[in-house]
Structures are given as structure tokens and as C-alpha cells.
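> Just the structure for this:
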Amino acid sequence: MNIQNLNTAELKELQILLNKMNPQPTKKVYLDPVNKMIDDIMENFDFNRVQLVMDYLNWKWLGDDGLECVPVEMLKKEAERLLRGAAEARLGQFRNEHWEQGIIHGTGGFQAMAFCDEDKTKITALDLKFVLTEWDKEIED
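Below you'll find the model as predicted:
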């Protein structure tokens with residue numbers, strides 16, 4: 001086959017077929033900045049380190065079959081659920097709270113926090129932590 005003998009329509013058709021054989025990776029397009037923030041956290045958070053610590057401490061979660069070791073996929077699923085829940089709660093049921101106050105959703109060592117803008121119309125920051133221990137004390141008047 002000599003491509004020099006093809007007309008414009010045939011060249012376009014050939015290019016379409018070649019593109020199907022070698023698709024270019026599609027770049028994610030984000031319409032919602034919350035999804036972009038969550039994806040960024042999920043890609044960069046060290047879930048393997050969390051699992052290593054949990055295994056070392058023999059830390060288990062309650063699953064369908066009782067207490068069980070937690071695989072990385074379960075950690076990721078729970079972290080994403082908590083991040084989405086914190087974001088939804090910050091602009092939903094906790095909308096009346098002061099705008100600078102972060103709303104926390106947490107369980108099993110994870111703590112997800114969501115912050116909003118002054119108008120309380122969009123999420124401006126998300127935070128994910130794995131907390132082993134914490135303590136605080138306030139001075140009482």
C-alpha cells in the first residue's frame with residue numbers, strides 16, 4: 001500500500017484507524033475542584049505506610065467477617081469516603097459554623113478535614129491525616 005496514492009478522505013480515515021490502534025492517554029478534566037483535590041490526595045498520600053503501621057500495631061478494622069487486617073484498597077476507599085463526607089458536611093449540615101472552622105470526619109485512625117470560603121459556597125482545602133495519638137488541653141476560666 002502506498003499512502004501517497006490516497007486522497008484526503010482516505011488519509012483521514014487511515015489516521016482515525018491508526019489513532020484507534022494507539023490511543024493517547026486522556027487527561028482528566030475537572031469541573032469540580034473538590035474532585036481534583038481528592039484525586040491529588042489519593043495519589044500522594046502514603047497508604048502503604050499507614051498499612052505498615054497498622055500491621056505492626058496489629059490494628060484491625062471491623063469488617064464483614066469480624067476484625068480483619070486492612071488492605072490498602074480498603075484504606076483508600078475509606079479515606080475517599082471521609083474526604084467526600086467532610087466536604088459535603090462543611091457546605092451542608094455545618095454550613096452555619098464559622099467559615100474558618102474546618103469540619104472533620106474521621107474513623108479508624110483517619111481524619112479528613114474540609115475548609116470553605118468566607119461565603120460558604122465552595123471547598124477551599126481538604127486535609128487527610130492518619131493519627132495514632134493526640135491530646136489537647138484548654139485553660140479553663
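
> Can you show me the helices along the chain?
8-21, 33-44, 47-56, 72-91 (DSSP state H).

> Ok, which of these comes nearest Glu100?
helix 72-91 (11.4 Å; CB to CB). Every C-beta, even on glycine, is put in place using the N, C-alpha and C of the backbone.

> just the angle between that closest one and helix 47-56, please?
Orientation of helix 72-91 against helix 47-56 (axes from the mean of the first three to the mean of the last three CA atoms, to 10 degrees) gives an angle of 110 degrees.

> Point to the residue nearest the middle of this protein.
Closest to where the C-alpha atoms of the chain average out (CA atoms, centre = their mean) is Ile38, at 3.0 Å.

> quick one on the thing from earlier: how about the helices of the chain, which one is nearest Ala112?
Of all these, helix 72-91 comes closest under CB to CB, at 3.8 Å.

> gap between Phe94 and Gly85?
11 Å (CB to CB, to the nearest Å).

> winner for burial among the helices of the chain?
helix 72-91 (a mean of 18; mean count of other CB atoms under 10 Å).

> isn't the residue nearest to the centre of the chain right next to Leu82, touching?
No. In this structure, Ile38 is not within contact of Leu82 by CB atoms under 8 Å, at 10.2 Å.

> Using CSV, lay out the helices of the chain together with distance to Asp136 and mean pLDDT.
Below are the helices of the chain laid out as CSV (distance: least, CB to CB, whole Å; pLDDT from 0 to 100):
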stretch, distance to Asp136, mean pLDDT
helix 8-21, 58, 76
helix 33-44, 24, 94
helix 47-56, 22, 95
helix 72-91, 20, 93
